[in-house]
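Trainee: With the input below, show me the fold.
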Amino acid sequence: GWYTLEIRLRQGYLSVLDLGGLYVGAIFVYSVIPLLGFLLLGENADLLDNRLLVLNPELSAIAKFAWRYPFFLGVFTCFYLFFRTFKQDEMEVSKPPQQRVMLVAAVWAAGAVYQQALYLIFGVKGESGYDNITEVYQQLQSLPSLVQQLTNVVNGLVLMSRLYLLTALFANHKSWTARIILLLWIGGEFALNVITFASRTPLFLLLLSSLGLFTKTVRRLSVVALLTLGLVSLSGFLLWGLLRATPSGDAQGQDELAVVSALRNRNEFQACFTTAYDIYAMRQQGGLSIPMSLHFADLLRILPQQIVPFKVDPAEWYLEQKGVTGTGQGYGYGLISESVVGLGYFHLFCLGLALAYTFARIHNSYLDHAREPLAVSIYLWFCIKAYTFFRMTSFSFLGYFFYGVLPFILLLRWSEEPAPQTATDQADP
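Mentor: Predicted coordinates:
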């Protein structure tokens with residue numbers, strides 16, 4: 001509420017394309033939903049995460065641990081508002097050259113062909129959400145190292161291509177052709193998701209991207225409208241996950257389909273909270289083996305496995321500590337877990353300061369290039385990924401940016417036509 005009020009007073013409007021704002025929202029959601037779920041469980045302890053059932057902590061112990069969330073939220077918000085520029089975003093995006101749009105469309109098509117070939121040959125799915133992230137991760141881990149790395153690059157190029165084409169369509173939103181394509185694209189993915197019960201994450205990210213571009217190029221929405229849309233979207237996200245997890249023949253499950261029921265059932269928010277608390281309990285008991293490379297995991301993501309064979313994936317490390325590696329289980333390992341393994345509240349303070357400065361610089365740089373399609377697409381990538389910067393470790397985005405976004409930037413820069421030489425340039429010195 002404080003962040004929303006501060007932005008409204010100092011900027012004059014609330015924007016969807018605000019990396020810091022989306023990150024604040026992610027922290028709030030990942031903080032509140034687990035606690036609401038615990039309070040609403042009552043006697044239904046069987047709906048708790050199994051790890052909490054084993055630990056069986058007092059509610060007061062959970063509440064004491066949960067203070068880490070508002071502490072980090074406060075640190076990040078204060079520093080982000082300090083470093084952030086408050087000039088208004090431009091309500092327009094330049095139309096990209098048709099040649100570049102065709103190139104990006106070809107990259108998307110080639111990436112889609114690669115993903116389909118990967119599925120046919122190795123049985124690996126191209127996209128993942130929380131619903132199937134463990135399955136997709138295990139499938140990728142079974143591939144040869146070079147194929148894994150190529151797949152990460154291709155997936156990054158596909159996502160950036162989608163965002164760039166979406167930006168190009170909204171830049172041409174006054175054209176009926178662009179409007180029809182947008183309607184068919186978004187409506188088609190929505191219908192396909194509903195029919196096939198596919199992963200909900202890619203669809204919600206597409207809707208978030210579209211809403212952000214709509215408010216930038218077509219019309220800004222009021223604070224009330226944006227908050228209402230956010231609440232409805234979050235409720236739909238939770239309910240859709242509950243519906244997918246409820247057997248079709250379970251009448252009782254269908255009757256209890258409601259927001260309260262969705263909050264009470266196991267979800268990714270509860271999983272991330274439980275992982276952090278479980279690590280905290282294990283460390284209190286002295287039952288953790290923490291390798292030094294774990295503290296540098298985000299920086300080491302940039303380097304290939306062939307160069308740094310000793311790098312550790314934090315989520316895999318946690319599974320090893322639990323003794324469930326290779327069993328098909330997977331849990332969320334987020335920023336709070338990272339701080340528990342590190343220096344506790346001081347670690348949270350340092351991460352809040354570092355992320356606030358980084359995100360503010362990214363936002364300010366975007367405002368300086370707010371009409372360029374490539375800059376908008378890159379910033380859009382950061383915005384839709386904002387929640388993962390809390391659900392995963394703090395600077396995990398460095399690896400995804402290096403192997404997904406940077407190749408896309410280099411590809412477009414390489415494809416630019418050289419500026420024509422003038423007579424002076426052509427003359428001999």
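
Trainee: wait, what's in contact with the residue positioned nearest the centre of the chain?
Mentor: Closest residue to the average C-alpha location of the chain: Lys385 at 2.8 Å, with CA atoms, centre = their mean. Counting by CB atoms under 8 Å, 6 or more residues apart in numbering, Lys385 makes contact with Phe397, Tyr400. Where you see a C-beta, it was placed from the backbone N, CA and C, and this is true even at glycine.

Trainee: Now it: phi and psi?
Mentor: Dihedral angles of Lys385 (phi, psi; degrees, to the nearest 10) stand at phi -90, psi 0.

Trainee: Which parts of the stretch 151-300 of the chain are helices?
Mentor: Listed in chain order, the helices of the stretch 151-300 of the chain (DSSP state H, counting those that start in this stretch) span residues 176-196, 200-217, 223-245, 251-255, 259-264, 268-284, 297-300.

Trainee: Now tell me which of those the model trusts least on average.
Mentor: Mean pLDDT is lowest for helix 251-255 among those, at a mean of 43.

Trainee: Just after whatever helix or strand Leu5 lives in, pick out the following helix or strand.
Mentor: Counting by DSSP states H and E, the element that carries Leu5 is helix 2-11. Reading on from helix 2-11 to the C-terminus, the next helix or strand found by DSSP H and E is helix 19-41.

Trainee: Return the set of buried residues in whatever helix or strand comes next after that next one.
Mentor: Of the helices and strands lying after helix 19-41 in sequence (DSSP H and E), the nearest is helix 50-55. Of all the residues in helix 50-55, those buried under the rule 16 or more other CB atoms under 10 Å are Leu52, Leu55.

Trainee: Helix 50-55 packs against which elements?
Mentor: helix 268-284 (3 or more CB pairs under 8 Å, 6 or more residues apart in numbering; DSSP states H and E).

Trainee: What lies in contact with the helix it packs on?
Mentor: Taking contacts as CB under 8 Å, 6+ apart, the residues outside helix 268-284 that touch it are 29-30, 33-35, 37, 48-49, 51-52, 55, 57, 62, 65-66, 68, 130, 288, 318, 321-322, 331-334, 336-337, 340-341, 391.

Trainee: Kindly report the same for stretch 364-384.
Mentor: Contacting residues not belonging to stretch 364-384 are listed as 16-19, 22, 83-85, 87, 89-90, 92-96, 159-160, 163-164, 166-168, 171, 205, 208-209, 212-213, 216, 359, 362-363, 397, 405, 409, 412 [CB under 8 Å, 6+ apart].

Trainee: how much space between the residue nearest to the centre of the chain and Pro57?
Mentor: Spatial separation of Lys385 from Pro57 under the definition CB to CB, to the nearest Å is 32 Å.

Trainee: try Tyr3
Mentor: Going from Tyr3 to Pro57 by CB to CB gives 30 Å.

Trainee: between these two, who's got more neighbours?
Mentor: Relative neighbour count places Tyr3 above the other of Tyr3 and Pro57, with 21 against 15, counting by other CB atoms under 10 Å.
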